[in-house]
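Visitor: Can you look at this prediction? I've put the sequence above it.
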Amino acid sequence: MSYKKVLTENILPFWLKTAIDKKNGGIYTQLDREGNIYGTDKSVWFQGRALWTFSKAYNCIEKKPEYLDAAECIYGFLPKCTDTDGRMFFTVTEDGRELQKRRYYFSETFAAIGCAELYKATGRSEVLEAAEKYFTVAYECFTGVRQNPPKINPENLGTKALSPAMIMLSTAQTMRSMDSDKKDWYNTICKECLDEILHGGYLTEKALLESVTKDGKFVDTPSGRIVNPGHSLEAAWFVMLEGILTDNKEAIDAGKRIIDITLPLGIDKKYGGIIAFTDLKGCPPVQLEWDMKLWWPQCEALIAFRMAYLQFGDEKYLKLYEEFKEYCEKYFLDEECGEWYGYLHYDNTVSTTLKGNIFKGPFHIPRLYMIMSVLDECNDIKKYAE
């Protein structure tokens with residue numbers, strides 16, 4: 001399979017055909033199997049994510065005008081998704097009116113990387129300013145300069161989560177790749193986030209935990225024991241990429257270690273694929289979808305395995321990569337109607353035929369195919385990260 005061919009003839013065309021809202025701006029993501037729109041509420045996460053996807057495809061795959069046109073259409077919709085306090089909404093109507101606003105600041109991180117990649121494509125100063133604006137808001141939330149309501153009452157249980165450090169590391173990496181006078185600042189943030197992931201208490205001998213106490217201690221509760229194998233593998237390649245970009249052997253080795261401790265927890269040896277959740281101690285996972293196979297963990301697994309093989313030359317990672325590639329092509333890729341199914345049961349039967357919703361859209365899958373396309377051409381992940 002040619003990743004570039006599937007990306008440019010299957011994955012991206014699926015979204016370009018019906019999802020771009022040329023009337024109101026932005027992108028729809030609630031698409032059925034054939035690409036028909038079944039809901040018009042818009043995910044603000046995916047305004048930024050899709051902006052990044054089409055801009056990145058234009059920058060590193062092929063300078064097709066339709067990619068840049070789609071990116072510009074989405075970029076023009078971002079102001080409607082932004083509240084008066086600079087924070088972004090979580091969902092909006094098709095014409096950009098607020099539906100839901102959450103405490104999470106991932107809408108801002110995704111808008112930042114989308115604008116950053118569009119700036120690299122166009123060189124327009126106002127796009128750079130938008131990228132920096134969204135990043136600053138997200139970073140202020142990350143550091144506590146902007147206060148958000150806590151998810152759990154800190155007086156009774158003070159915990160911290162892995163995902164903000166993960167996303168901020170990846171976001172700062174993208175921001176650092178721009179031609180900007182703030183490279184040193186972004187580099188400092190990358191170091192801070194890398195240190196938090198590796199030394200903040202999440203990384204143990206047996207797993208990369210999703211949450212720990214504020215001082216990095218294990219919490220023996222269902223939420224404290226939970227492991228998200230997809231997140232762990234995504235973190236592994238984020239960490240490994242940072243090590244490659246900055247010549248940090250500790251980070252590269254840590255990425256490999258995260259992969260190795262995640263595999264026994266996440267791989268379904270009977271039916272194949274990566275499960276959604278597991279409990280570190282083998283207790284019943286509280287997430288009812290724990291044994292389902294979702295699209296994005298498979299993407300992260302493929303990237304992590306291939307990067308590990310290129311860095312360490314260990315044939316076990318090549319074997320895993322080839323097995324997962326075959327698995328995804330067999331069960332997730334829809335050659336008839338385009339794109340991937342998003343949700344499979346434990347035995348790999350399709351749970352729902354939708355191709356997009358508020359959480360699934362053109363991001364994880366195109367990112368996988370773009371990374372693999374670059375690696376197919378030069379085996380150098382630095383080319384992708386430029």
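Guide: Happy to help now that I have it.

Visitor: Secondary structure element for Asn24, which one?
Guide: Asn24 is part of no helix or strand, with elements assigned from DSSP states H and E.

Visitor: Could you tell me how many residues sit around it?
Guide: Neighbourhood size, Asn24 [other CB atoms under 10 Å]: 17. In short, each C-beta sits where N, CA and C put it, glycine included.

Visitor: cool, and Gly96?
Guide: Neighbourhood size, Gly96 [other CB under 10 Å]: 20.

Visitor: ok but it is inside a strand, no?
Guide: No - under DSSP: H, G, I helix; E, B strand; the rest coil, Gly96 sits outside any strand and is assigned coil.

Visitor: That one contacts Cys81, doesn't it?
Guide: Yes - here Gly96 reaches Cys81: they are 6.3 Å apart, a contact under CB atoms under 8 Å.

Visitor: Which helix or strand contains the nearest residue to Lys383 once chain neighbours are set aside?
Guide: Once flanking residues are discounted, Lys383 sits nearest to Val374: 5.2 Å by CB to CB, 6 or more residues apart in numbering. Using DSSP H and E, Val374 sits in helix 364-378.

Visitor: re the thing from before, need the overlap of contacts for Gly96 and Cys81.
Guide: Counting by CB atoms under 8 Å, 6 or more residues apart in numbering, the contacts common to Gly96 and Cys81 are Gly26, Lys42.

Visitor: chain center to the helix holding Val374: distance?
Guide: Computed by CA atoms, centre = their mean, to the nearest Å, the chain-centroid distance of helix 364-378 equals 14 Å.

Visitor: Stretch 340-353 now?
Guide: For stretch 340-353, the distance to the chain centre is 20 Å (CA atoms, centre = their mean).

Visitor: what's the first-to-last distance across that stretch?
Guide: From its first residue to its last, stretch 340-353 covers 9 Å (CA to CA, to the nearest Å).

Visitor: All the strands of the stretch 51-200 of the chain, residue numbers only.
Guide: 91-92, 98-100, 159-161 (DSSP state E, counting those that start in this stretch).

Visitor: And the stretch 251-386 of the chain, by the same measure?
Guide: Listed in chain order, the strands of the stretch 251-386 of the chain (DSSP E, counting those that start in this stretch) span 278-279, 293-294, 343-344, 350-352.

Visitor: bridging residues for the residue nearest to Arg257 when sequence neighbours are not counted?
Guide: Spatially, and ignoring its direct neighbours in sequence, Arg257 is nearest to Leu203 (7.7 Å; CB to CB, 6+ apart). With beta bridges defined as DSSP bridges, Leu203 has these partners: Leu208.

Visitor: wait, what's in contact with Leu203?
Guide: When contacts are taken as CB under 8 Å, 6+ apart, Leu203 is in contact with Ile197, Leu209, Ala254, Arg257, Ile258.

Visitor: Look up how far Ala130 lies from the last one.
Guide: Looking back up the chat, that one is Ile258. Taking CB to CB, to the nearest Å as the measure, Ile258 falls 33 Å from Ala130.

Visitor: What of Pro264?
Guide: The gap separating Pro264 from Ala130 is 43 Å, by CB to CB.

Visitor: higher neighbour count, those two?
Guide: Neighbours were tallied for Pro264 and for Ala130 using other CB under 10 Å; the higher tally belongs to Ala130 (22 against 12).

Visitor: OK, contacts around the more buried one?
Guide: Tyr75, Leu78, Ala111, Cys115.

Visitor: Which single one of the residues you listed is nearest to Phe332?
Guide: Of all those, Phe332 sits closest to Ala111, with 27.7 Å by CB to CB.

Visitor: Can you spell out the domain ranges of the chain, please?
Guide: 1-149+357-386, 187-355 (automatic domain parsing).

Visitor: Turn those domains into TSV, including distance to Ile167 and mean pLDDT.
Guide: Conversion of the domains of the chain to TSV gives the following (distance: least, CB to CB, whole Å; pLDDT from 0 to 100):
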stretch	distance to Ile167	mean pLDDT
domain 1-149+357-386	5	97
domain 187-355	9	97
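
Visitor: To Asn156, which of those lies closest?
Guide: Across the domains of the chain, closest to Asn156 is domain 187-355 (CB to CB), at 11.9 Å.

Visitor: buried set for stretch 378-385?
Guide: Buried residues in stretch 378-385, defined by neighbour count with 16 or more other CB atoms under 10 Å: Ile381, Tyr384, Ala385.

Visitor: would JSON lines of those residues with distance to Thr143 be doable?
Guide: Converted to JSON lines, the buried residues of stretch 378-385 look like this (distance: CB to CB, whole Å):
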{"residue": "Ile381", "distance to Thr143": "29"}
{"residue": "Tyr384", "distance to Thr143": "28"}
{"residue": "Ala385", "distance to Thr143": "24"}
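
Visitor: residue contacts, the closest residue to Lys120 other than its chain neighbours?
Guide: Nearest in space to Lys120, with sequence neighbours left out and distances taken as CB to CB, 6+ apart, is Asn59 at 5.6 Å. By CB under 8 Å, 6+ apart, the contact set of Asn59 is Glu117, Lys120, Ala121.

Visitor: By neighbour count, which of the contacts of Leu203 wins?
Guide: Ile258 (27 neighbours).

Visitor: Return the residues in contact with it.
Guide: By CB under 8 Å, 6+ apart, Ile258 lies in contact with Leu203, Leu208, Ser232, Leu233, Ala235, Ala236, Val239.

Visitor: what would the contacts of Leu203 look like in a markdown table with distance to Ala165?
Guide: Shown next, in a markdown table, are these (distance: CB to CB, whole Å):
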| residue | distance to Ala165 |
| --- | --- |
| Ile197 | 5 |
| Leu209 | 12 |
| Ala254 | 13 |
| Arg257 | 17 |
| Ile258 | 13 |
